[in-house]
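Asker: how would this look folded up:
(one chain, ligands or ions: 1)
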Amino acid sequence: MHKPLILVTGSNGQLGWSLQKIATNYTQYNFLFATREQLDLSNTSTIADFIHQHQPAYLINCAAYTAVDKAETEQELAININAYAVAEMAKACASIGAKFITISTDYVFDGNGTMPYQTNHTTNPVNYYGYTKWLGEKLALENNAATIIIRTSWVYCEHGNNFVKTMLRLMKLRTEINVVNDQIGSPTYAPDLANAIFTIITKLTDNQFAGIYHFSNAGIISWHQFAEKICLLAKLNCTVHAIPTSAYPTPAKRPKYSVMDTTAISKDFDIAMINWEESLKTCINNLENYHQ
Ligand SMILES: NC(=O)c1ccc[n+]([C@@H]2O[C@H](COP(=O)([O-])OP(=O)(O)OC[C@H]3O[C@@H](n4cnc5c(N)ncnc54)[C@H](OP(=O)(O)O)[C@@H]3O)[C@@H](O)[C@H]2O)c1
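Answerer: Model prediction:
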């Protein structure tokens, strides 16, 4: 039997790794997990050929320029990968009838909201990285109206570099740390997003679903609350002090409020949103046996 191919870019990133981990549960598909070496998105002229050569039925774009602070100065590389490469992928998918799924960010909003952002809330990127992702969204939909865009926030998992792993490392080294308490959002455990993406794919019978969706774990917290819970669950002896953003300046501005309303993805694909504490527990338990 011919199995449809799912092509995944950025296979060594947090989300790419998470998709690989659970792909074995989806035996009805073939998979091609492409690393940066196999498909370098900064070389936009090679993208269409790669897609035409492999003829995927689905393309999940997990690759991105994610160095938020560095993007302020490495603008050309960031915009090539996060916007122009996304346009190429969208176009190539449209030309072979492949479904294109790409990931975006809460940083497309300015962070001045006070209520969870709806998918059609006005965008106003908070920094250059956010601008490149916003342009990627726009170009994807212009080149392929059937694109599914999933905005997510505060991504972490066992693999790669993220807030949870940084906190665990610092909390083992120090007795006190400072974490900002005036930036509010919702964490996302990458394997939960990976499961949601596979659920979406198995429910896509035609192009009835397209456009922008939001996905994160359920719950609204500050980075400080997140850090305190990490410390508690990992049973570490460290005092987590709350500090304002003004005491922790970064090259790229961060949003004050970046909570997204996830009702649409839940409703259209019957996806239950797992609470952030439950997923954090899973990750911290798994990390005891994880060696990168
Ligand atoms: N991390 C977050 O907190 C967060 C928040 C909101 C949205 N997002 C979005 O969620 C998606 C997944 O993020 P993630 O956390 O999984 O990111 P990640 O762990 O930083 O992984 C990004 C992947 O992109 C690859 N990549 C970078 N430049 C590339 C290039 N020129 N060609 C091909 N691949 C390239 C990296 O390759 P190497 O492994 O070779 O470096 C890496 O595998 C991205 O779209 C990101 O913008 C992330």
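
Asker: which bits of the chain sit near the ligand?
Answerer: Contact residues, the chain versus the ligand (Cβ under 6 Å from any ligand atom): 10, 12-16, 36, 39-42, 62-66, 81, 103, 105, 133, 152-155, 160. (Glycine included, C-beta is placed from N, CA and C.)

Asker: Tell me which stretches of this protein form strands.
Answerer: Counting by DSSP state E, residue ranges of the strands within the chain are 5-9, 30-33, 58-61, 99-105, 148-152, 155-156, 176-180, 184-185, 188-189, 211-215, 221-222, 239-243.

Asker: Check which residues of stretch 105-123 are buried.
Answerer: The neighbour-count criterion (16 or more other Cβ atoms under 10 Å) identifies 105-111, 113, 116-117, 119, 121, 123 as the buried residues of stretch 105-123.

Asker: now, among the residues you listed, which is nearest to the ligand?
Answerer: residue 105 (3.6 Å; Cβ to the nearest ligand atom).

Asker: pLDDT at that closest one, what is it?
Answerer: Per-residue pLDDT puts residue 105 at 98.

Asker: Any regions of the stretch 51-200 of the chain where pLDDT drops low?
Answerer: Filtered on pLDDT under 70, the stretch 51-200 of the chain yields no residues whatsoever.

Asker: closest point of this protein to the ligand, which residue?
Answerer: When scored by Cβ to the nearest ligand atom, the chain has residue 13 as its residue closest to the ligand, at 2.1 Å.

Asker: ok, so what distance separates that residue from residue 187?
Answerer: Here the distance between residue 13 and residue 187 works out to 17 Å (Cβ to Cβ, to the nearest Å).

Asker: Next one: the nearest residue to the residue of the chain closest to the ligand once chain neighbours are set aside from residue 15, what distance?
Answerer: In space, and not counting its chain neighbours, residue 13 is closest to residue 62: 5.5 Å by Cβ to Cβ, 6 or more residues apart in numbering. Here the distance between residue 62 and residue 15 works out to 4 Å (Cβ to Cβ).
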